[in-house]
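**Student:** Predicted coordinates and the sequence they were generated for:
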Amino acid sequence: MIKQSIAVTRVVNSCVVLELDGHAVLTDPWFTERWWLRRGEPLGLRLSDLPPLAGIVVTNLATNHWDLRALRSFPAKDAPLYVPTRGMARRARALGFGRAECLEWGQTRDIASGVSMRVVPSGRTAVWPNNAYAFSAASGRVFFGGEAADVAPLERYRAEHPPVDLALLPVNGLRLLFGPRMVMGPDQAVAGSSVLGAPVLVPVHDAHGHDPLSRLFRPTGTASDAVALAGPDLRVVDLPPGERWELPR
């Protein structure tokens, strides 16, 4: 009998292994650094450490969410891979991911026995859409917004759907030096968790390394800030890379 449980192992940035009743989903794969893009934290798992995957979901086309170099050497390309643009799906199929598929906002998929997924609007990076993903399983509901920037889309989602048991949202508030915030900071992540009805928040998109891009972008928050901002109804689990955490039942 498969144990009904939800667990998270954070790899780096917003790359996590999400376990839903024994079915593993990889989010926003990022395993290889570039000279111009550094992690700023240890890599929690290597490609060879990954369990068998029921699916891979990608929120946007930035390299630290969509690591084509790592996907090229990915050990198991038979896993379904869901992306927000047709161009990304074509590139994934060219790398051998025969089940790569572009999913638009509002579409749903059954990714494993008893596990379903809905694509949730999460704003845009320039003209390209960002996807968030809401998962439902017998053990609970999980919301993953690896590139979420604003609370408003979460409010619209929650108006039509039940509360979630766990939210994974960005906290570093990365923004251009003279431009808008690109992802949630700790205050938006805490507010977004409340909107979603989530009693637990696991912060993602936390660290940012010292690299040429850091001259253009700056973080404005951390997971520790989210811990300090959370009220009595929200538990913030500041999960180090590589550590597996299971949601209490």
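**Tutor:** In hand now; what should we look at?

**Student:** From now on I want contacts and neighbour counts done on CA atoms only, so please keep to that.
**Tutor:** Will do.

**Student:** now the residue positioned nearest the centre of the chain: how far from residue 69?
**Tutor:** Centroid check for the chain by C-alpha atoms, centre = their mean gives residue 146 as the closest residue, at 3.4 Å. Applying C-alpha to C-alpha, to the nearest Å, the value for residue 146 to residue 69 is 20 Å.

**Student:** now swap in residue 145 and tell me
**Tutor:** Per C-alpha to C-alpha, residue 145 is found 23 Å from residue 69.

**Student:** Who has more neighbours out of the two?
**Tutor:** Taking other C-alpha atoms under 10 Å, residue 145 and residue 69 do not tie; residue 145 has more neighbours (28 against 15).

**Student:** top helix in the chain by residue count?
**Tutor:** Assignment by DSSP state H gives helix 186-196 as the longest helix of the chain.

**Student:** partner strands of the helix or strand following it, parallel or antiparallel?
**Tutor:** Note on helix 186-196: by DSSP states H and E, the next helix or strand toward the C-terminus is strand 200-204. Strand pairing for strand 200-204, using DSSP bridges, gives strand 166-170 (parallel), strand 235-236 (parallel).

**Student:** ok, then the element right after the shortest one?
**Tutor:** It stands for strand 235-236. Strand 235-236 is succeeded, C-terminally, by strand 244-246 (DSSP H and E).

**Student:** what do you get for the first one?
**Tutor:** Per DSSP H and E, strand 166-170 leads on to strand 175-176 as the next helix or strand towards the C-terminus.

**Student:** if I pick residue 234, what's in contact with it?
**Tutor:** Taking C-alpha atoms under 8 Å, 6 or more residues apart in numbering, we find residue 234 in contact with 190, 193, 194, 198, 199, 200, 201.

**Student:** Including neighbour count, could those go into CSV?
**Tutor:** Output for the contacts of residue 234, formatted as CSV (neighbours: other C-alpha atoms under 10 Å):
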residue, neighbour count
190, 29
193, 29
194, 23
198, 22
199, 17
200, 23
201, 27
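
**Student:** Cool, thanks, signing off.
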